[in-house]
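Colleague: what would the 3D arrangement of this be:
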Amino acid sequence: MHATDRMAAAPKAARIGTMTIMRRLYLQLSLQTIELLVMQRGDAAQA
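Modeller: All right, here's what the predicted structure looks like:
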């Protein structure tokens, strides 16, 4: 096999990879949402 040869991932591996990426993005988005809510409450408390 040469370095320039490419192979597609098996369907199961592709699904697992996609789900892993989506899970990480969802976790990141939910953490950012919580952070923004806390920041907004902090601003309201200071006003």
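Colleague: show me what contacts the residue most central in space within the chain?
Modeller: Most central residue of the chain, judged by C-alpha distance to the mean C-alpha position with C-alpha atoms, centre = their mean, is Leu25 at 1.2 Å. Applying C-beta atoms under 8 Å, 6 or more residues apart in numbering, we find Leu25 in contact with no residue. (Each C-beta comes from the backbone N, C-alpha and C, glycine too.)
Colleague: what's the helix or strand for it?
Modeller: When elements are defined using DSSP states H and E, Leu25 is found to belong to helix 11-46.
Colleague: same deal with Met7?
Modeller: When elements are assigned from DSSP H and E, Met7 belongs to no helix and no strand.
Colleague: got the phi and psi for it?
Modeller: Torsion angles at Met7 (phi, psi; degrees, to the nearest 10) stand at phi -130, psi 140.
Colleague: okay, now it: neighbour count?
Modeller: Met7 sits with 6 neighbouring residues when counted by other C-beta atoms under 10 Å.
Colleague: what of Tyr26?
Modeller: Taking other C-beta under 10 Å as the neighbour definition, Tyr26 ends up with a count of 10.
Colleague: then Leu31?
Modeller: Applying the criterion other C-beta under 10 Å, we find 10 residues in the vicinity of Leu31.
Colleague: swap in Arg6?
Modeller: 6.
Colleague: quick one: pLDDT of it?
Modeller: For Arg6, the pLDDT comes out at 78.
Colleague: how far away is the residue nearest to the centre of the chain from Thr18?
Modeller: Distance check for Leu25 against Thr18: by C-beta to C-beta, to the nearest Å, it reads 11 Å.
Colleague: overlap in contacts of those two?
Modeller: Among the neighbours of Leu25, none is also in contact with Thr18 (C-beta under 8 Å, 6+ apart).
Colleague: with that, I have no additional questions.
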